Structures are given as structure tokens and as C-alpha cells.
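Engineer: how would this look folded up:
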Amino acid sequence: MRLTRGLLAVAVAATMLAAASAHAACCYFSAKNTDILQPAQKAFITWDPQEKVETFTVQPKFEGNALDFGMVIPTPSQPKLHEMPRDFFKHLAYYTILKRREFPHSQLLPVPVKGAGDLYGRGGDKSRPIPMAAEEDTKARKPEIKILETGVVGTLDYKIIEAGRADDLFQWLKDNKYSYSGDEATLNHYIQKKWLFTVMKIDTMQMKKGKDGSYAGEVTPTRFQFTSDKLVYPLKITQISVKDKTEALFYVQAPHKVDLQGDMSYQYTWIPMLQAASGCTPGGLPGRGADWLKAVNPEMPALLARCRELGFNFVANQRPQANSKGHIPTTMEWARKLTADDIKVLSGDAPYSEKVPNVDEGFTRADIANPQKAEAIYKVIRERLARSQKDRPYGYLVRHIPEEDKRGLRNLQGHLQAGLYITKFRKIFARDEMNDDLVMVPARRGDAEDNSEYEEILPVSPP
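Structural biologist: The predicted structure follows:
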């Protein structure tokens with residue numbers, strides 16, 4: 001059997017309610033002369049630095065013509081596996097939709113009233129910023145393979161394997177009618193670190209069969225929980241099955257905001273975006289953005305200089321482009337320290353969105369057809385607009401999803417926790433950026449911790 005194109009990580013765009021393509025923290029294998037593609041996978045990670053416990057939830061999406069295939073996921077210790085709600089990631093995407101500022105307006109006044117809307121992003125600016133070896137004869141010795149656990153989670157059969165030698169694990173895959181298309185060196189990378197391997201079988205009968213005989217669909221989301229000395233994501237194993245690049249979007253829940261190390265930091269796009277929004281947001285940058293710019297000011301010259309060296313050029317309302325090496329900067333797409341009220345949104349005990357007052361409430365066009373009544377009605381509407389502008393000079397934070405999906409947010413209960421940050425960021429990895437596993441670190445620059453939040457669309461200063 002042949003391992004085909006395995007893909008790493010997860011992607012759900014900032015306002016996307018459907019998943020964009022992405023790739024995974026695992027490697028995929030299938031029968032000979034068959035092919036399996038993984039056009040999308042989503043990952044939600046929770047990190048407890050005190051207990052040294054990490055969980056990540058993955059939901060691969062597969063396409064291909066193999067009847068029998070599976071995946072290998074390495075972890076630093078033996079994981080506990082749990083089935084998750086099938087629409088978990090759909091509702092996580094809904095929960096992290098960026099809000100926009102909206103203002104009351106009248107459909108009945110004879111002349112559109114300007115003012116409040118123009119105060120913020122030119123009438124409620126609808127522009128969107130960048131979200132932001134050769135085989136050895138093993139007959140003379142006993143293969144160093146131990147099956148620690150077998151079981152079923154959702155629709156997936158799995159085995160957790162401990163391997164003492166890469167060639168033994170390579171042979172085990174073959175003996176069990178799978179042929180791993182990677183090399184033993186990649187397996188040895190994890191064996192030397194004494195990581196374990198979870199091997200999972202995929203049931204194609206759970207997927208939709210196309211007219212050409214191929215299958216497509218998403219498997220049940222699976223949560224892996226394990227102990228780890230640091231917040232790490234197995235990235236290197238995907239390198240062998242990625243041709244040139246792979247896209248990942250992470251939702252990371254931790255006591256602090258989370259970032260990638262060094263030149264993979266999201267600060268190369270986040271700080272320029274905050275700078276571009278400065279001066280055109282009445283009341284100042286939301287989410288402590290101005291505080292973060294002030295705190296990072298001593299580091300600003302070095303950061304901007306490094307941006308230029310890397311060829312990372314921020315352009316408003318455009319996704320980042322690759323530099324001369326094909327490297328694309330990370331973008332932060334949502335971040336917030338969850339409150340008790342944020343958790344109440346999941347149960348419906350707090351509103352999902354603010355509501356813009358209807359200043360025309362109680363009146364119709366038939367009412368203003370009578371000239372004697374019209375002026376009195378206009379006076380009431382203008383008073384309502386004035387009161388709304390006084391009470392909420394910067395507008396209302398609004399987002400929209402179907403009522404059915406608001407109820408579906410209950411799927412997130414027990415998984416999102418008040419007092420923890422969720423950082424949602426996207427990184428497109430070039431193949432040469434995947435030489436090791438991904439370590440996530442507290443978000444900071446120099447001595448300053450980044451606790452800024454990003455939950456509303458920021459306007460951009462005109463050129």
C-alpha cells in the first residue's frame with residue numbers, strides 16, 4: 001500500500017462558514033495503485049501548561065478511490081481518544097466570525113441621515129482586512145513493536161503503537177497490508193524522541209461515493225489528549241507527503257495568546273494591520289490594540305526592518321503574498337480571552353450578536369402618506385436616531401448566522417472555557433519550513449506580552 005498526499009492542519013477562513021483547504025498533523029497511507037487526497041482538515045488545540053496536558057481535535061476531509069486507507073498520528077505520549085460532535089468545527093467557525101460595526105438607519109425618512117455611520121470607517125466600511133533505508137532482515141531478532149491499545153472511536157478503528165526501531169515500524173505497516181510511502185528517517189525522527197504512533201483505519205462507507213467510484217467526505221472529529229512538556233504539533237511527518245506547501249489554520253485555547261516562533265510569528269501582519277487601522281477608529285483601536293502598539297513600540301524598528309528583510313509586505317485588504325523563497329507570513333484571524341458571558345452564548349443565555357435598533361418600528365410607508373402625520377413620524381424617527389448615536393456613538397457589533405446554527409453552538413459547550421484565550425491563526429508552510437515539528441509559544445515581542453484581542457473587522461486608513 002502506498003502513502004499518498006497527506007496534508008497538515010486546518011483551515012477555516014476568518015469569515016468563512018465553510019472550510020477552506022488545509023492539511024494535517026498526520027501521514028496517510030492507502031492501497032497500492034489507489035490515491036487518497038486530503039483537501040481539508042481542521043484542528044482545535046487546548047493547552048494546560050500547569051498540568052502539561054495537550055488536546056487536539058482533528059477532522060480530516062478525504063477524497064480518492066481507495067477502499068481501504070488510514071492515517072498515522074504521532075504524539076509524545078500515549079493519547080486518550082474521544083469522539084467529538086460531527087459539526088464541531090462548523091460551529092467553531094460560526095463562533096469566531098469577526099463582528100462588524102453597524103448603525104441604525106431609517107427606510108422612511110425622505111433624506112438618508114448621515115453622521116453616525118460616517119464616523120466609523122466611512123459609513124460602516126465594508127472592506128475586509130486581511131484576516132489577518134533499506135530493509136533489514138528481522139528474522140534473527142524480535143521486532144521492537146508493541147501494540148499498547150486497540151479500539152474504535154466514532155467510525156474509526158485505531159491502534160496505538162510503540163516502536164523501538166523505524167525499520168520495524170516500516171515493516172509492520174507493510175505486514176498489515178499498508179505500504180508507507182515515506183522514508184524510515186521520518187519515522188525515526190519520532191522514535192528517537194520516544195513518541196508513540198496512533199494508526200487509524202478509515203471507513204469509506206461513511207462517505208459519499210461519486211459516479212467515478214471515488215469517495216469524498218469527512219470522518220467523525222476525533223480528540224487526542226496526552227501529556228507533553230511543551231505545546232507541540234507534529235508537522236515534520238507531513239513533509240514527506242507534501243509537494244511544495246501546505247496550509248494550516250489553528251484554533252488554540254490556552255491561558256495566554258499563542259504564536260509561532262521566530263519568523264513564523266503572526267506579528268509581521270498583525271502589527272501592520274493595527275497601524276493601518278489607527279486614526280480611523282473613533283474611540284481608539286478596539287481590543288487593547290493601541291496598548292499593544294504602545295507596548296511594542298521599542299521593538300517596532302527591528303520588527304519592520306525584519307519584515308523588509310523577509311520580503312513580507314503588508315497590503316490592506318489583500319492576503320499576504322509569498323516572498324522570493326515562497327514563504328508566506330502567518331496571519332492572526334481571531335483572538336479573545338473568553339468571559340463568562342462568552343460561554344453563555346453557547347447555551348443561548350447571552351446573545352450571539354448585538355441588535356441594531358429599528359428606528360422605523362411602529363411605522364409604515366402608509367403612515368407617512370398622510371402629510372399631516374408624516375412630520376410627526378419623522379420627528380420621532382430622528383429622535384430615535386439621535387438617542388442611538390448618543391448611546392452608541394461607535395455603532396453596534398453585529399454578526400449574522402441562521403437561528404438553527406445558533407442553537408448548534410451548544411456543541412461547543414464543555415470545550416470552550418472562560419478565562420482562557422482562543423487564538424486563531426493561519427500559516428501556509430512551504431516544504432522547507434517543515435523540517436521539524438511545530439512548537440507554539442506565548443504571544444509576545446521582546447519583554448511585552450501580547451494580550452490584544454481581535455473580534456471585529458478593523459477599518460483601514462485610505463491610501
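
Engineer: Helices of the stretch 151-300 of the chain, residue ranges please.
Structural biologist: Assigned helices in the stretch 151-300 of the chain, in chain order: 166-175, 184-192, 236-239, 267-277, 289-295, 300-310 (criterion: DSSP state H, counting those that start in this stretch).

Engineer: In contact with P298, which residues?
Structural biologist: Listed by C-beta atoms under 8 Å, 6 or more residues apart in numbering, the contact partners of P298 are G446. Every residue, glycine included, has its C-beta placed from N, CA and C.

Engineer: at 6 Å what do you get?
Structural biologist: When the contact criterion is C-beta atoms under 6 Å, 6 or more residues apart in numbering, P298 has no partners at all.

Engineer: Read off the pLDDT value for it.
Structural biologist: Confidence at P298, expressed as pLDDT, is 94.

Engineer: so where is the stretch 201-350 of the chain shaky, pLDDT-wise?
Structural biologist: When residues are selected by pLDDT under 70, those of the stretch 201-350 of the chain lie in 202-219, 240-242.

Engineer: Burial check on the nearest residue to V296 once chain neighbours are set aside, number of neighbours?
Structural biologist: Closest residue in space to V296, ignoring its immediate chain neighbours: R445 at 4.8 Å, by C-beta to C-beta, 6 or more residues apart in numbering. Residues lying near R445 (other C-beta atoms under 10 Å) number 20.

Engineer: Could you check how far R445 is from M332?
Structural biologist: 13 Å (C-beta to C-beta, to the nearest Å).

Engineer: Over to K379?
Structural biologist: 46 Å.

Engineer: now swap in L173 and tell me
Structural biologist: According to C-beta to C-beta, L173 and M332 sit 38 Å apart.

Engineer: Neighbour count: these two, which is higher?
Structural biologist: M332 (26 against 22).

Engineer: Tell me if I am right that V441 is in a helix.
Structural biologist: No. Under DSSP: H, G, I helix; E, B strand; the rest coil, V441 falls outside any helix and is assigned strand.

Engineer: give me the beta-bridge partners of it?
Structural biologist: V441 forms beta bridges with D259, as assigned by DSSP bridges.

Engineer: Tell me, how many residues neighbour it?
Structural biologist: By the criterion of other C-beta under 10 Å, V441 has 14 neighbours.

Engineer: Check H415 too.
Structural biologist: Using other C-beta under 10 Å, H415 has 17 neighbouring residues.

Engineer: what does A305 give?
Structural biologist: For A305, the count of nearby residues is 10 (other C-beta under 10 Å).

Engineer: same deal with E404?
Structural biologist: Using other C-beta under 10 Å: E404 sits among 7 other residues.

Engineer: Within the helices and strands, which one has it?
Structural biologist: E404 belongs to helix 403-408 when elements are defined using DSSP states H and E.

Engineer: any residues touching that helix, and which ones?
Structural biologist: Here helix 403-408 has contacts from 91, 94, 352, using C-beta under 6 Å, 6+ apart.

Engineer: Mind checking which of those are in helices?
Structural biologist: Judged by DSSP state H, the contacts of helix 403-408 include 91, 94 as members of helices.

Engineer: Now tabulate the contacts of helix 403-408 in TSV and tack on neighbour count.
Structural biologist: Below are the contacts of helix 403-408 laid out as TSV (neighbours: other C-beta atoms under 10 Å):
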residue	neighbour count
H91	20
Y94	20
Y352	19
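
Engineer: residues in contact with the closest residue to G154 other than its chain neighbours?
Structural biologist: With sequence-adjacent residues excluded and distances taken as C-beta to C-beta, 6+ apart, G154 is closest to T220, at 3.1 Å. Contacts were defined as C-beta under 6 Å, 6+ apart; by that measure T220 touches 83, 86, 154-155.

Engineer: what's the distance between T220 and K159?
Structural biologist: Taking C-beta to C-beta, one finds T220 at 17 Å from K159.

Engineer: again with L303
Structural biologist: As judged by C-beta to C-beta, L303 and K159 stand 46 Å apart.

Engineer: Can you tell me the SS state at L385?
Structural biologist: helix.

Engineer: returning to that earlier point: which residues does the residue nearest to V296 form a beta bridge with?
Structural biologist: Beta-bridge partners, per DSSP bridges, of R445: A448.

Engineer: where's it relative to R308, distance?
Structural biologist: Per C-beta to C-beta, R445 is found 17 Å from R308.

Engineer: now what about the helix or strand harbouring R426, what contacts it?
Structural biologist: Taking DSSP H and E as the definition, R426 sits inside strand 421-430. By C-beta under 6 Å, 6+ apart, the list of residues contacting strand 421-430 from outside reads 96, 245-253, 256-258, 266, 326-328, 330-335, 337.

Engineer: Show the buried residues in these.
Structural biologist: The neighbour count (16 or more other C-beta atoms under 10 Å) marks 96, 245-253, 256-258, 266, 327-328, 330-335, 337 as buried among these.

Engineer: Show the average pLDDT along the helix or strand where K390 lies.
Structural biologist: For K390, the host element (DSSP H and E) is helix 371-391. In this model, helix 371-391 has a mean pLDDT of 94.

Engineer: Name the residues that touch that helix?
Structural biologist: The contact list for helix 371-391 (C-beta under 6 Å, 6+ apart) reads 104, 106, 109, 113, 116, 357, 359, 363, 367-368.

Engineer: a strand runs through G326, doesn't it?
Structural biologist: No. Looking at G326 with three-state DSSP, it is coil, so not inside a strand.

Engineer: Might you report the residue contacts of it?
Structural biologist: Here G326 is in contact with A430 (C-beta under 6 Å, 6+ apart).

Engineer: any idea how far it is from A430?
Structural biologist: Counting by C-beta to C-beta, the separation of G326 from A430 is 5 Å.

Engineer: Same check on M84?
Structural biologist: Look at M84 and A430: by C-beta to C-beta, they are 30 Å apart.
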